[in-house]
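Peer 1: No letters, just coordinates:
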């Protein structure tokens, strides 16, 4: 076990909890804004498609941090 292992475990645990909290808030926001979407099936489809994909983008930095920060390329 390397000296980084306990720190890495702690980071992953924090990231897991932060991800759960973020997703709860994100779903709440998507559902809260859904009444503002026009009553058109294509626009609703677009809204939920974008909302269903966009949740991952804000999590990229958190997941990179959880894995020990940005890796330097050679």
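Peer 2: Right, received. Where do you want to start? Since this is a predicted model, take the numbers as computed values, not measurements.

Peer 1: Nearest residue to residue 15 in space, ignoring adjacent ones along the chain?
Peer 2: Once flanking residues are discounted, residue 15 sits nearest to residue 66: 3.4 Å by CB to CB, 6 or more residues apart in numbering. Where C-beta positions appear, they are placed from N, C-alpha and C, glycine not excepted.

Peer 1: hang on, the one you found packs against residue 12?
Peer 2: Yes: counting by CB atoms under 8 Å, residue 66 touches residue 12, with 5.0 Å between them.

Peer 1: Neighbour count: the two, which is higher?
Peer 2: residue 66 (19 against 15; other CB atoms under 10 Å).

Peer 1: buried residues in the helix or strand residue 15 falls within?
Peer 2: Here residue 15 sits within helix 4-33, counting by DSSP states H and E. Within helix 4-33, the residues that qualify as buried are 11, 15, 30, counting by 16 or more other CB atoms under 10 Å.

Peer 1: so can I have TSV of those residues showing pLDDT?
Peer 2: TSV is the format used below for the buried residues of helix 4-33 (pLDDT from 0 to 100):
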residue	pLDDT
11	92
15	94
30	96
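
Peer 1: now those as a markdown table including distance to residue 37?
Peer 2: Output for the buried residues of helix 4-33, formatted as a markdown table (distance: CB to CB, whole Å):
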| residue | distance to residue 37 |
| --- | --- |
| 11 | 37 |
| 15 | 31 |
| 30 | 10 |
